[in-house]
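Here is a sequence with its predicted model. Questions after.
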Amino acid sequence: MELFTKHKGKEIWLHNYRKDGDLNIDFNNSPFVCMVWNNRENFVSPVLIEQLLKANCKYIVVGGKNCEKWHDYADEIHISLYSDFQVPDSEHVMTTWHDNEPLEEVIWFTLNNTNFDSYEFNKFLFIQIDTKFSQDEIQKIIDKQWYWKESP
């Protein structure tokens, strides 16, 4: 996981996922948004989802392959973290899946539409799974889509 870019107090972190256990999230328990872009056939990582939730991820956005399954697992795992399966309102986590949407649209959604209730996020973690997008390509997408970008 590495800090990829910053703008107006907002940070985007990037991680190229290879296997469970290769990610160390250290946001000091600050709430954050995670966008998972999955390009691996028939793959979901419950271990990664649980790690995100335990690190205080409050919004999980999933695009690419099997994204609805990732979304469903995230909801199920989140509920299972509570002994009575009752999630307190203060611990609510939002999840969305973006089937058949291009990366550009999923990034736009992640950066512009994920604040909810009292949450105004300033940390965003982008996880790529078997994706061939280079850092330059991702930076161009962010520069084009980023709502916070200042006018020239």
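Ah, there it is.

Could you use CA atoms for every contact and neighbour count after this?
OK.

tell me the contacts of the residue nearest the centre of the chain?
The centroid of the chain falls nearest to residue 34 when counting by Cα atoms, centre = their mean (1.5 Å). Residue 34 is in contact with 52, 57, 59-61, 124-127, counting by Cα atoms under 8 Å, 6 or more residues apart in numbering.

Now intersect those with the strands, please.
Counted as lying in strands by DSSP state E, out of the contacts of residue 34, are 57, 59-61, 124-127.

just curious, which of those is nearest to residue 9?
residue 124 (11.4 Å; Cα to Cα).

Next one: the closest one relative to residue 87, how far apart?
Separation of residue 124 from residue 87 (Cα to Cα, to the nearest Å): 23 Å.

Name the residue in the two with the higher neighbour count.
residue 124 (22 against 15; other Cα atoms under 10 Å).

ok, what's across the strand from the more buried one?
Judged by DSSP bridges, the bridge partners of residue 124 are residue 12, residue 33.

start at 679 instead
Done: numbering now begins at 679, and the last item shifts to residue 802.

give the contact list for it.
Residue 802 makes contact with 688-691, 710-713, 789, according to Cα under 8 Å, 6+ apart.

Let's see that with 7 Å instead.
Counting by Cα atoms under 7 Å, 6 or more residues apart in numbering, residue 802 touches 689-691, 710-712.

same check, this time on residue 749
Residues in contact with residue 749, defined by Cα under 7 Å, 6+ apart, are 740, 773-775.

and the residues you listed as a markdown table, adding distance to residue 754, secondary structure and pLDDT?
Output for these, formatted as a markdown table (distance: Cα to Cα, whole Å; DSSP: H, G, I helix; E, B strand; the rest coil; pLDDT from 0 to 100):
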| residue | distance to residue 754 | secondary structure | pLDDT |
| --- | --- | --- | --- |
| 740 | 15 | strand | 97 |
| 773 | 11 | strand | 95 |
| 774 | 13 | strand | 96 |
| 775 | 14 | strand | 96 |
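
out of those, who has the most neighbours?
residue 740 (26 neighbours).

Now do the strands in the protein.
Secondary structure of the chain, counting by DSSP E: strands at 680-685, 688-695, 710-716, 735-742, 772-776, 801-807.

list the helices and strands the shortest one packs on?
What it means is strand 772-776. Applying 3 or more Cα pairs under 7 Å, 6 or more residues apart in numbering; DSSP states H and E, one finds that strand 772-776 contacts strand 735-742, helix 745-758.
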